[in-house]
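**Student:** model the following, please.
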Amino acid sequence: MVFELKLRKVGNSVGVVLPKEAMARLNVAAGDSLCLTDAPDGTMRLTPVTEGHEQFVRQMEAAEGVIRRYRNTLRALAK
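**Tutor:** You can find the predicted model right below:
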């Protein structure tokens, strides 16, 4: 299923209006939060925010800190 979405000006921001079919597929309703993430293939993935999301975000921030701190070591190990 393909949905063409239009970006619309909302105050000083830009928003996307989701069709009700897309909201039904995502199992979300007005007021719910969505998460937009990078997928491994270079695309973006839109998913509903679930319980435990905050813990996942903290874990990813910690992992990114380790990656930044040990960038050269990880690069050498990857060879």
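
**Student:** touching, residue 37 and residue 44? I think so.
**Tutor:** Yes: counting by C-beta atoms under 8 Å, residue 37 touches residue 44, with 7.0 Å between them. C-betas here are computed from N, CA, C, even on glycine.

**Student:** show me where the chain dips below the pLDDT cut-off.
**Tutor:** In the predicted model, the chain carries pLDDT under 70 at residues 51-52.

**Student:** am I right that residue 75 is in a helix?
**Tutor:** Yes: judged by DSSP: H, G, I helix; E, B strand; the rest coil, residue 75 forms part of a helix.

**Student:** can you map out the strands along the chain?
**Tutor:** 7-10, 13-16, 34-38, 44-48 (DSSP state E).

**Student:** which among those is found nearest to residue 71?
**Tutor:** strand 34-38 (18.5 Å; C-beta to C-beta).

**Student:** domains of the chain?
**Tutor:** 1-48, 50-79 (automatic domain parsing).

**Student:** how about residue 27: what's its closest non-neighbour residue?
**Tutor:** Among residues not flanking residue 27 along the chain, residue 48 sits closest, at 6.4 Å (C-beta to C-beta, 6 or more residues apart in numbering).

**Student:** rewinding a little: can I get the strands of the chain in a markdown table with mean neighbour count and distance to residue 24?
**Tutor:** As requested, the strands of the chain are exported to a markdown table (neighbours: other C-beta atoms under 10 Å; distance: least, C-beta to C-beta, whole Å):
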| stretch | mean neighbour count | distance to residue 24 |
| --- | --- | --- |
| strand 7-10 | 9 | 21 |
| strand 13-16 | 10 | 16 |
| strand 34-38 | 11 | 14 |
| strand 44-48 | 12 | 12 |
